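A.B. asks: What follows is a predicted protein model with its sequence.
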Amino acid sequence: MVQVYFHCSNTEGTLIDRYGAAVANLTEARDRAAQIMRSMIETPGAEDWRDWVIHISDDDGEEIFDLPFTAMLGKPH
């Protein structure tokens, strides 16, 4: 298991994930990132998620990969 962190950002700032999650592999990290994005998108509010990106980083702060929220927008749940 590896500890990874899911930071979310747009042009106005960054939401820092201080706790992260233990994942077994990149597929599990991507699935967790998708779950986080879906949860944020489905939260009632006026936020426009189109310019948000989730950045998946390791324990050393090195980015492993990122995913734009637009990858989730419009997809069925």
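C.D. replies: Arrived safely. All values reported here derive from a predicted model rather than from experimental measurement.

A.B. asks: which residues of the chain score low on pLDDT?
C.D. replies: Residue ranges of the chain with pLDDT under 70: 74-77.

A.B. asks: Try it again at 50.
C.D. replies: 77 (pLDDT under 50).

A.B. asks: Would you map the strands across this protein?
C.D. replies: Under the criterion DSSP state E, strands of the chain are mapped to 2-10, 13-15, 21-23, 53-57, 63-68.

A.B. asks: any chance of those in CSV, with distance to residue 32 and mean neighbour count too?
C.D. replies: Where you see a C-beta, it was placed from the backbone N, CA and C, and this is true even at glycine. As requested, the strands of the chain are arranged in CSV below (distance: least, Cβ to Cβ, whole Å; neighbours: other Cβ atoms under 10 Å):
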stretch, distance to residue 32, mean neighbour count
strand 2-10, 7, 17
strand 13-15, 15, 10
strand 21-23, 6, 15
strand 53-57, 8, 20
strand 63-68, 11, 14
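
A.B. asks: Who does the most centrally placed residue in the chain form a beta bridge with?
C.D. replies: With distances taken as Cα atoms, centre = their mean, residue 54 lies nearest the centre of the chain, 3.4 Å away. Following DSSP bridges, residue 54 is listed with bridge partners residue 8, residue 67.

A.B. asks: Quick one: closest of the strands of the chain to residue 40.
C.D. replies: strand 2-10 (7.1 Å; Cβ to Cβ).

A.B. asks: any idea how far that closest one is from the chain center?
C.D. replies: 6 Å (Cα atoms, centre = their mean, to the nearest Å).

A.B. asks: Which secondary structure elements does it sit against?
C.D. replies: Here strand 2-10 touches strand 13-15, strand 21-23, helix 26-42, strand 53-57, going by 3 or more Cβ pairs under 8 Å, 6 or more residues apart in numbering; DSSP states H and E.
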